[in-house]
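[1] What follows is a predicted structure for the sequence shown.
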Amino acid sequence: MEAMPKKVKLLAVKGGITQQPDVMAIVNAANAHLTTGGGVAGAIHHAAGNDLYRECQDLAPIRPGNAVITKAYDLPNEYVIHCLGPVYGKNKPEDVVLAKCYRNTLRLAEKHKITSIAFPAIATGVFGYPLEEATEVAISTILEELPSLRHLEKIKFVLFSQADLDIYQKKLAEVQ
């Protein structure tokens, strides 16, 4: 008989994605070329240093829903998993593309035996995905994937504003 998956801790915190030393990997809400940009991508590239940019050059471009993994360099983590979320109103169906982004990120984490990961609110910034809808997709996709997770023990959502944190905490309270 196959062993039951261990309990994975899901939590949401307010903060910056680059200041999460308690996780092995952070997730970059990347652009297709994996370059520095605004928001999460800019913060991660700035904090990680030029070596991250150099490693990303060989991995780009990526398509919406895809994910790639790199070292974290000057960040307090071991890895950065870069995923490209959908541009709301353009990459249709948006919910399928966003779910694929989370699914591919979790599968890369499992492949690399990552035990803890921090996600930002993917695609909700300049890509325009409404936060409440994106939160629903993120959490439901992660819940669907939980039975297949063998290494992950902690999944953290790191939100920049109190309003965003409130939405994530409310949704997590509904499912836990």
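    That came through fine.
[2] any low-confidence regions in the chain?
    1-6 (pLDDT under 70).
[3] Mind doing that once more with 50?
    Judged by pLDDT under 50, the chain has its weakly predicted residues at 1-5.
[4] Sketch out the helices for it, chain order is fine.
    For the chain, the helices defined by DSSP state H occupy 39-48, 50-57, 94-111, 131-145, 162-175.
[5] Tell me the buried residues in the first one?
    Neighbour-count burial for helix 39-48, with 16 or more other C-beta atoms under 10 Å as criterion, is recorded at Gly39, Val40, Ala41, Ala43, Ile44, His45, Ala47, Ala48. All C-beta atoms are positioned from the backbone trio N, CA, C, and that covers glycine.
[6] Can you name the two of the residues you listed that sit furthest apart?
    Across the buried residues of helix 39-48, no pair lies farther apart than Gly39 and Ala48, at 14.8 Å, counting by C-beta to C-beta.
[7] Nearest to Ile122, out of the helices of the chain?
    helix 94-111 (5.8 Å).
[8] related to what we said a few turns ago, can you convert the helices of the chain into a markdown table and add a column each for distance to Gly125?
    Formatted as a markdown table, the helices of the chain follow (distance: least, C-beta to C-beta, whole Å):
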| stretch | distance to Gly125 |
| --- | --- |
| helix 39-48 | 4 |
| helix 50-57 | 19 |
| helix 94-111 | 13 |
| helix 131-145 | 10 |
| helix 162-175 | 10 |
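[9] Which of these sits closest to His33?
    The nearest among those, by C-beta to C-beta, is helix 50-57 at 8.0 Å.
[10] Only the C-alpha atoms, please, for the closest one, written as CSV.
    The C-alpha coordinates for helix 50-57 follow below in CSV (Å, rounded to 0.1, in the frame of the first residue of the first chain):
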residue,chain,number,x,y,z
ASN,A,50,24.2,39.4,-11.9
ASP,A,51,24.9,35.6,-11.7
LEU,A,52,21.1,35.0,-11.8
TYR,A,53,20.7,37.1,-14.9
ARG,A,54,23.6,35.1,-16.6
GLU,A,55,22.1,31.7,-15.7
CYS,A,56,18.6,32.8,-16.9
GLN,A,57,19.9,33.8,-20.4
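[11] Now do it: which elements does it pack against?
    helix 39-48, strand 67-71 (3 or more C-beta pairs under 8 Å, 6 or more residues apart in numbering; DSSP states H and E).
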